[in-house]
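J.: sequence below, structure please.
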Amino acid sequence: MTIKSIREPKLDLLALMLILLVYLSLALVVSPFHEFPLNDDVMYAEAVQTFVETGQLKLSPWVAPTLVFQVVYGAAVSKLFGFSFTTLRLSTLMLSLVGTSSFYLFLRMLSIGRVLSLCGALTLALNPVYLNMSYTFMTDVPFTAFLLLSLLCYTQGFTCNSHAGVLAGSAFATASVLIRQTGILLPIAASASMLCGGFGARKSRGWYLIILLLSGLPIVAFTVYAAWFRLMHGPTRALSAFFDPSILVNPSSLAGMVLNHGFITLEYAGLFIAPLLPLWLSVRKSELSRAFNPRSLLFWTGLVTLGVFVVYLVGGKIMPYTGNILHEAGVGTLTLKDAVFDHRPPLLRLPMSFWWLVTILASLSAVVIGSVMSSQGMQLMGDWREKNQRPGVPDPRILWMLWFATLGFLGVGLLTRQLFDRYLIPLLVLLIPSLLLTARPVRWKSWMMAGTLVLLLSYGTFGVLGTRDYLAWNEARWTGIYYLVSVTGVNPSKIDGGYEANYWYNYANAATKAGFWWWTKEPSYCLTFTHLDGDRVAISIPYYRSLPPRGVERIYVLECSDNNTSTNMEDAGMLAIVQ
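T.: Numbers count the residues shown, from 1 in each chain. The predicted structure is shown next:
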């Protein structure tokens, strides 16, 4: 199926309008209008500002992604509307909408029904990690959006034998490569799919031209970037820390990391696709038996169960297994010092019963996705050996492309030194089509649709409330910093305001970075989530927490050193509480 051949396109337009309505509703609840950086986007925004003001492309030593294209389009947007964190954040939100809409159209091109395609697209849009990242200038959402545009165009090119479609996919893949290095995996997967999905097709000049169009432009762009990065810009510290080659010569460490990251990836993949589980259970028994066999089901059930118990018994861990966006208190990276190191007293946490429920749901879904993917892989191999295309199945090249890309992203995740939950978003958009392709012949039952809607609503509610909390405490944090700097005249170098603030104010002026806590040394004031009875609280800034336990919480500005400062808090008339 192609975009032009979709029947009753008005209904698909209605589905796209519904997606737009969801985004507008989310934006009303989670306002994107906040003038402060979040997480690593402080470095990305700095690169945009430098490019706008000087025309020079300069990446911070703490930047790991390629980032070039994101800086360029961020600068273009800033030229039009003026540089601000809000402007950059809105650009990400727009790309998030583009990515979700492209995902819907891609699922429809696979002949997946409108209801299933819409549910698949909303599973992406309402995913708490993806939703949270949509309100930042981080690379994850723009990367995923261009990846999906590339996937959509590649699929159109394969289905119509269109060189223009393939070339458009290659152009979008180039954009994704110049945002994150792993974007190169999709064009490579698409090229490899031509070898496995052609079923002995004659290797004409056109066949080789398609392969060249698929991967040529992204590979050339990546090569040019690598040469510029190595020879002119210089490697960044963060990129060199992203992967440790020495682990390859240490078999025990390598095996431990692969097992650990493999379990984490499987559990988060299960968590991310869980809203679709009720719909998948509506598959007819004949289709269910083809989706996986009893041995496969037994294997994945045993593997996931063993992993959950071992991790819990050895480390006392349940979901969330890895940090960054999802954490025990909610959603959004915690970047104040007491959250990273001290935990004194413990930060607010969601109930343990909630995280046990999340762990069980993720594990059940992990069993399903593991069984489906292994069964689908064996079917693809069988079709390839027999040079046969099963009726009712999309172009084999598309299926092979999804499979190779999945293996590529999985391999990168297994060998990455630090695996964050947000790194797994590309796997979500690659796994959902495989799951929904086995759920097409369904007999709808009200409880199945209700189950999916309840899970989508639950995911969306958790993501929205968690992101509101994330923006609320950051707003309180920056209110305290601005008060210290603007009202009382405290030197920013004397404030430990957390990761983003310390970088924004202090990184360029720090004589040496070694031995510093996030670019501050012997600060006079520290911003924290908590305080002890003996701490000297200079001010506290209230914010409202929406996730349980709900209520008014505070960001504290502590006098964390006895050093004399240029400003006396009492003489400046600072209030005990900043409203």
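J.: and this protein, what are its domains?
T.: The chain breaks down by automatic domain parsing into domains covering 9-467, 468-559.
J.: any chance of those domains in TSV, plus mean neighbour count and mean pLDDT?
T.: The way it works is simple: take the backbone N, C-alpha and C, and place the C-beta from them, glycine included. Shown next, in TSV, are those (neighbours: other Cβ atoms under 10 Å; pLDDT from 0 to 100):
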stretch	mean neighbour count	mean pLDDT
domain 9-467	19	88
domain 468-559	18	87
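J.: so Tyr544 touches Leu471, yeah?
T.: No: counting by Cβ atoms under 8 Å, Tyr544 does not reach Leu471; the two are 11.1 Å apart.
J.: show me where the stretch 201-350 of the chain has its helices.
T.: Shown for the stretch 201-350 of the chain, the helices assigned by DSSP state H, counting those that start in this stretch span residues 205-228, 237-242, 251-273, 277-280, 285-291, 294-315, 337.
J.: hmm, I was thinking of the stretch 51-200 of the chain
T.: With DSSP H, counting those that start in this stretch as the criterion, the stretch 51-200 of the chain has helices spanning 68-81, 85-109, 114-125, 128-133, 140-160, 163-177, 185-197.
J.: what would those helices look like in TSV with distance to Thr54?
T.: Output for these, formatted as TSV (distance: least, Cβ to Cβ, whole Å):
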stretch	distance to Thr54
helix 68-81	11
helix 85-109	18
helix 114-125	37
helix 128-133	28
helix 140-160	23
helix 163-177	23
helix 185-197	32
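J.: for this structure, what's the longest helix?
T.: The residue-count maximum for a helix in the chain (DSSP state H) belongs to helix 446-482.
J.: okay, the angle between it and helix 251-273?
T.: Angle of helix 446-482 versus helix 251-273, following axes from the mean of the first three to the mean of the last three Cα atoms, to 10 degrees, is 110 degrees.
J.: returning to that earlier point: of the helices of the stretch 201-350 of the chain, which is nearest Val115?
T.: Closest of those to Val115 is helix 277-280, at 8.3 Å (criterion: Cβ to Cβ).
J.: which secondary structure elements does that closest one sit against?
T.: Counting contacts by 3 or more Cβ pairs under 8 Å, 6 or more residues apart in numbering; DSSP states H and E, helix 277-280 is packed against helix 352-386, helix 446-482.
J.: ok, residues contacting it?
T.: 116, 119, 364-365, 368, 435-436, 438-439, 442, 447-452, 455 (Cβ atoms under 8 Å, 6 or more residues apart in numbering).
J.: contact partners for Glu500?
T.: Glu500 touches 36-39, 42, 335, counting by Cβ under 8 Å, 6+ apart.
J.: that one should be in a strand, yeah?
T.: No: per DSSP: H, G, I helix; E, B strand; the rest coil, Glu500 lies outside any strand segment and is helix.
J.: next, Leu336: phi, psi?
T.: phi -100, psi 150 (degrees, to the nearest 10).
J.: show me the contacts for Leu558.
T.: When contacts are taken as Cβ under 8 Å, 6+ apart, Leu558 is in contact with 525-528, 531, 535-538.
J.: what about 7 Å?
T.: Listed by Cβ atoms under 7 Å, 6 or more residues apart in numbering, the contact partners of Leu558 are 525-526, 528, 531, 535-538.
J.: got it, and Pro275?
T.: 123, 452, 455-456, 459.
J.: ok, back up a step: and Thr54, which of the helices and strands packed on helix 277-280 is closest to it?
T.: Of all the helices and strands packed on helix 277-280, helix 446-482 comes closest under Cβ to Cβ, at 25.8 Å.
J.: relative to helix 352-386, how tilted is the closest one?
T.: Using the same axes, to 10 degrees: helix 446-482 against helix 352-386 is 120 degrees.
J.: parallel or antiparallel, list what pairs with whichever helix or strand comes after helix 446-482.
T.: Later in the chain than helix 446-482, the nearest helix or strand by DSSP states H and E is strand 495-496. Sheet partners assigned to strand 495-496 using DSSP bridges are listed as strand 525-528 (parallel).
J.: following the strand it pairs with, which helix or strand comes up?
T.: strand 537-545.
J.: helices or strands up against that following strand?
T.: Packing contacts for strand 537-545, counted by 3 or more Cβ pairs under 7 Å, 6 or more residues apart in numbering; DSSP states H and E, involve helix 446-482, strand 551-559.
J.: put the alpha carbons of it into PDB.
T.: Extracted C-alpha coordinates of strand 537-545, given in PDB (Å, rounded to 0.1, in the frame of the first residue of the first chain):
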ATOM      1  CA  VAL A 537      18.400  27.600  54.600                       C
ATOM      2  CA  ALA A 538      18.800  31.000  52.900                       C
ATOM      3  CA  ILE A 539      15.600  30.800  50.900                       C
ATOM      4  CA  SER A 540      13.100  28.300  49.700                       C
ATOM      5  CA  ILE A 541      11.000  28.400  46.600                       C
ATOM      6  CA  PRO A 542       7.700  26.600  46.500                       C
ATOM      7  CA  TYR A 543       6.300  24.600  43.600                       C
ATOM      8  CA  TYR A 544       3.400  22.200  43.200                       C
ATOM      9  CA  ARG A 545       3.900  18.500  42.700                       C
END
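J.: let's have the chain start at 7 instead
T.: Okay, using 7 as the starting number, the last item reads as strand 543-551.
J.: who's in contact with the residue nearest to Ser108 when sequence neighbours are not counted?
T.: Nearest non-adjacent residue to Ser108, counting by Cβ to Cβ, 6 or more residues apart in numbering: Leu154, 4.2 Å away. With contacts defined as Cβ under 7 Å, 6+ apart, the neighbours of Leu154 are 105, 108-109, 112, 435.
J.: if I look at Leu154, how far off is Leu425?
T.: 22 Å (Cβ to Cβ, to the nearest Å).
J.: which SS state does the spatially closest residue to Leu477 that is not a sequence neighbour fall under?
T.: Excluding its sequence neighbours, the residue lying closest to Leu477 (Cβ to Cβ, 6+ apart) is His40, at 5.6 Å. Following three-state DSSP, the label given to His40 is coil.
J.: partners of the residue lying closest to Arg551 once chain neighbours are set aside in the sheet?
T.: Once flanking residues are discounted, Arg551 sits nearest to Glu559: 4.8 Å by Cβ to Cβ, 6+ apart. For Glu559, the beta-bridge partners under DSSP bridges are Tyr549.
J.: from Asp475, how far out is Glu559?
T.: Taken as Cβ to Cβ, the span from Glu559 to Asp475 is 9 Å.
J.: shared neighbours, these two?
T.: Common contacts of Glu559 and Asp475 (Cβ under 7 Å, 6+ apart): Arg551.
J.: quick revisit: helices or strands next to the longest helix of the chain in the packing?
T.: helix 120-131, helix 134-139, helix 283-286, strand 336-337, strand 543-551, strand 557-565.
J.: Ser31 is nearest to which of the ones you listed?
T.: If we rank the helices and strands packed on helix 452-488 by Cβ to Cβ, the stretch that ends up nearest is helix 120-131, at 11.0 Å.
J.: that closest one to helix 257-279, inter-axis angle?
T.: Going by the same axes, to 10 degrees, helix 120-131 makes 130 degrees with helix 257-279.
J.: now do helix 120-131 against helix 146-166, angle only.
T.: Using the same axes, to 10 degrees, helix 120-131 lies at 150 degrees relative to helix 146-166.
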